[in-house]
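K.L.:
with the input below, show me the fold.
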Amino acid sequence: MAVSRVGGTKGKLTGQVGSTVFQVRKNADGSYTQITYEKGERVETQLTPKVQAQRMCVAMVESLMHDLKPIATISYQAGKNKSQSLNSFAAQNLRLLQRDCKEHWYSDNLFVYPRHRRTDLNVRDLGGRWMISSGSLLKDCFDRQVFDVYPAATFKGDISQSDYFYGLWFDCPIGQMTVDQFRQAHRMTYNDSYCFAGFCQGHTYDPQEGSIIATYSNSYMIVKNNMKVPSSQVMDDATIMDLFVWKSDLEPVILISKDNSGFAVGILTDYYEYDEQFYYTAAFTINYATGKKQISTSFYENPGGGDDPWLNDAAPADVFGSWMGEPSVRPYPSPF
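P.N.:
Purely as a prediction, here's the structure:
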């Protein structure tokens with residue numbers, strides 16, 4: 001039997017009718033939310049600003065997890081298995097996002113907050129300074145991240161003049177050391193992984209419109225050592241091209257520098273023709289040199305350095321009206 005309570009809950013129901021369970025929850029702002037459970041399904045029928053802000057944050061993290069699941073299941077050292085790593089990835093980034101939402105509601109935000117069910121762009125979210133990996137490893141096995149706006153001048157091979165390059169750089173005097181010497185110099189083990197992730201703008205062809213449209217997503221690259229390459233082999237151009245295997249949702253390439261000082265593995269994007277670019281990138285190492293798994297900590301950062309101009313008009317106050325059914329209210333008052 002369900003009972004309608006009076007007073008602060010204003011007649012909301014508690015109890016059970018058939019298979020439906022009714023509960024009332026008091027929110028932090030003093031309001032009440034009617035909650036129903038139907039065969040394991042929970043429905044909240046009152047949309048308070050705090051509840052909707054939480055939903056907005058959860059939706060953003062879920063989008064990130066959807067794109068980067070192969071990364072998130074291996075990137076948190078505290079996670080004993082893939083499921084625990086994924087849970088840590090979600091929990092840590094949700095905390096970062098909630099803190100930013102509270103502290104930077106009106107401006108200076110570190111994440112791009114989306115409009116609810118937005119239709120103006122085919123995006124789920126527009127990136128931000130997410131925490132991609134977490135662990136105790138202090139030094140990566142690659143030497144640095146690289147962002148090159150004119151890789152055709154830096155690297156050998158047939159590279160388009162319009163390409164940008166994003167990836168991982170390895171110091172290596174080409175032709176002067178063996179594979180084993182190279183790996184020892186970089187503290188590599190056979191089981192290591194060298195990972196790259198980024199929020200990028202790509203493109204696709206729309207046959208109905210007959211035009212190219214921009215796409216936005218988080219993409220990744222997981223690089224591992226190729227066990228078939230003999231450790232005694234000299235690190236020449238041919239050997240380097242076979243040195244790694246990878247898993248990626250893009251098309252990684254290995255590029256060797258023209259001055260033979262090293263090589264890089266990463267992604268080429270066509271910036272000038274299709275405006276392909278990474279707005280944020282991060283890289284980390286999973287290393288077993290001590291006999292135990294260690295992971296370096298990484299956050300998304302602007303690969304070019306400096307400010308993030310795409311964060312303009314993307315603060316919570318600029319978009320939150322759409323989550324409350326009041327899209328014209330800008331700025332929307334903070335619920336915190």
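
K.L.:
so what's the spatially closest residue to residue 239 that is not a sequence neighbour up against?
P.N.:
Closest residue to residue 239 in three dimensions, ignoring its sequence neighbours and counting by CB to CB, 6 or more residues apart in numbering: residue 233, at 5.1 Å. Yep, even glycine has a C-beta here, placed from its N, CA and C like the rest. Residues in contact with residue 233 (CB atoms under 8 Å, 6 or more residues apart in numbering) are 178-179, 239.

K.L.:
tell me the one of those residues nearest residue 286?
P.N.:
Among those, residue 179 lies closest to residue 286 (CB to CB), at 19.6 Å.

K.L.:
run a quick neighbour tally on the closest one.
P.N.:
21 (other CB atoms under 10 Å).

K.L.:
which ones are touching it?
P.N.:
Counting by CB under 8 Å, 6+ apart, residue 179 touches 229-235, 239, 243.

K.L.:
quick revisit: how close does the residue nearest to residue 239 get to residue 290?
P.N.:
For residue 233, the distance to residue 290 (CB to CB, to the nearest Å) stands at 27 Å.

K.L.:
point out where the stretch 51-200 of the chain drops to low pLDDT.
P.N.:
The stretch 51-200 of the chain contains residues with pLDDT under 70 at 118-126.

K.L.:
can you show me the strands along it?
P.N.:
Applying DSSP state E, counting those that start in this stretch to the stretch 51-200 of the chain gives strands spanning 131-133, 144-148, 163-171, 193-206.

K.L.:
mind putting those strands into TSV with mean neighbour count?
P.N.:
Listed next are the strands of the stretch 51-200 of the chain as TSV, based on neighbours: other CB atoms under 10 Å:
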stretch	mean neighbour count
strand 131-133	24
strand 144-148	18
strand 163-171	22
strand 193-206	21
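
K.L.:
now the helices for the stretch 101-250 of the chain?
P.N.:
Ranges of helices within the stretch 101-250 of the chain are 151-154, 179-185, 237-241, based on DSSP state H, counting those that start in this stretch.

K.L.:
kindly reformat those as a markdown table containing distance to residue 255.
P.N.:
As requested, the helices of the stretch 101-250 of the chain are exported to a markdown table (distance: least, CB to CB, whole Å):
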| stretch | distance to residue 255 |
| --- | --- |
| helix 151-154 | 7 |
| helix 179-185 | 16 |
| helix 237-241 | 10 |
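
K.L.:
which among the ones you listed is found nearest to residue 140?
P.N.:
helix 179-185 (13.3 Å).

K.L.:
check which residues of that closest one are buried.
P.N.:
Residues 179, 182-183 are the ones in helix 179-185 that count as buried (16 or more other CB atoms under 10 Å).

K.L.:
list just the nearest of these to residue 156.
P.N.:
Comparing the buried residues of helix 179-185 against residue 156 with CB to CB picks out residue 182 as the nearest, at 18.1 Å.

K.L.:
isn't that closest one up against residue 235?
P.N.:
Yes - between residue 182 and residue 235 a contact is recorded at 5.2 Å, counting by CB atoms under 8 Å.

K.L.:
joint contacts of these two?
P.N.:
Common neighbours of residue 182 and residue 235, using CB under 8 Å, 6+ apart, are residue 172.

K.L.:
now do the same contact list for residue 227.
P.N.:
Contacts of residue 227 by CB under 8 Å, 6+ apart are residue 190.

K.L.:
per-residue confidence for it?
P.N.:
Listed pLDDT for residue 227 reads 95.

K.L.:
returning to what we had before: drop anything exposed from the contacts of residue 179.
P.N.:
For the contacts of residue 179, buried by 16+ other CB under 10 Å: 229, 235, 239, 243.

K.L.:
quick check: residue 75 touching residue 89?
P.N.:
Yes - with contact defined as CB under 8 Å, residue 75 reaches residue 89; the gap is 6.3 Å.

K.L.:
who has more neighbours out of the two?
P.N.:
Taking neighbours as other CB under 10 Å, residue 75 and residue 89 compare with residue 75 leading, 30 against 27.

K.L.:
ok, for the more buried one, nearest residue in space, not its chain neighbours?
P.N.:
Here the residue nearest residue 75, using CB to CB, 6+ apart, is residue 133, at 3.9 Å.

K.L.:
who does that neighbour bridge with?
P.N.:
Beta-bridge pairing of residue 133 under DSSP bridges involves residue 298.

K.L.:
gap between residue 255 and residue 197?
P.N.:
To residue 197, residue 255 is 19 Å away according to CB to CB.

K.L.:
wait, what's in contact with the residue nearest to residue 105 when sequence neighbours are not counted?
P.N.:
Leaving aside its chain neighbours, residue 105 sits nearest to residue 334 (4.1 Å; criterion: CB to CB, 6+ apart). Counting by CB under 8 Å, 6+ apart, residue 334 makes contact with 102, 105-106, 316-317.

K.L.:
generate a PyMOL selection restricted to the buried subset of those residues.
P.N.:
Remark: buried members of the contacts of residue 334, expressed as a PyMOL selection using 16+ other CB under 10 Å:
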select buried, resi 105+316+317
